[in-house]
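[1] Fold the following for me, if possible:
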Amino acid sequence: MHYAVLIYAREADYAAMTPEQGAANMQAYNEFTAAIAASGHMHGGEALQPTSTATTVRVRDGKTVTTDGPFAETKEQLTGFYVLDCKDLDEAIMISAKIPDAKIGSIEVRPIMAMEMPGN
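    You can find the predicted model right below:
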């Protein structure tokens with residue numbers, strides 16, 4: 001089963017890191033990503049640009065309306081994600097607990113709904 005593993009952390013915490021702390025955090029992520037790729041669990045994933053670069057899109061009364069920034073003000077922001085291929089939720093949780101930001105933020109583990117795509 002595939003799981004979306006959503007990483008939430010405070011962008012302010014990243015901004016407050018010293019260059020050494022930032023480098024150590026990136027090294028921890030590089031090691032984690034290499035380990036899950038080697039184990040065959042990684043099905044995808046990316047880090048996201050800060051919420052200041054986000055654009056929220058809504059359609060109201062047939063008109064497209066865009067707003068700069070995130071959808072809602074939150075204490076933690078979505079900073080990245082992985083897509084994991086795991087045998088069950090317990091395995092997805094075990095792997096997600098090793099994500100470096102689990103120590104300072106939170107990790108949401110959500111099963112991905114299997115859907116048949118038109119034309120397939």
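[2] Disregarding residues adjacent in the polypeptide, which is nearest to the residue positioned nearest the centre of the chain?
    Of all residues in the chain, the one closest to the mean position by CA atoms, centre = their mean is residue 81, 2.2 Å from it. Residue nearest to residue 81 in three dimensions, not counting chain neighbours: residue 6, with 5.1 Å by CB to CB, 6 or more residues apart in numbering. For every residue, glycine as well, the C-beta is placed using N, CA and C.
[3] Who does the helix or strand hosting that neighbour pair with, and is each partner parallel or antiparallel?
    Using DSSP states H and E, residue 6 maps to strand 2-9. Here strand 2-9 is paired, per DSSP bridges, with strand 77-85 (antiparallel), strand 106-111 (antiparallel).
[4] Tell me which stretches of the chain form helices.
    11-15, 19-39, 89-96 (DSSP state H).
[5] Figure out which of these is closest to residue 103.
    Closest to residue 103 of those is helix 19-39 (CB to CB; 9.4 Å).
[6] List the contacts of that closest one.
    With contacts defined as CB atoms under 8 Å, 6 or more residues apart in numbering, helix 19-39 is touched by 14, 17, 42, 45, 47, 82, 84, 95, 98-100.
[7] Taking those, tell me the two that lie furthest apart.
    17 and 84 (26.1 Å).
[8] more neighbours, these two?
    Neighbour count, other CB atoms under 10 Å: between residue 17 and residue 84, residue 84 has more, with 23 against 12.
[9] How about the contacts made by the more buried one?
    Contact partners of residue 84, counting by CB under 8 Å, 6+ apart, are 2-3, 5, 36, 41-43, 92, 95-96.
[10] Quick one: buried ones out of these?
    3, 5, 36, 41-43, 92, 95-96 (16 or more other CB atoms under 10 Å).
[11] Quickly list what the residue lying closest to residue 48 once chain neighbours are set aside is bridged to.
    Nearest residue to residue 48 in three dimensions, chain neighbours excluded: residue 80, at 5.3 Å (CB to CB, 6+ apart). Taking DSSP bridges as the rule, residue 80 bridges to residue 7, residue 47.
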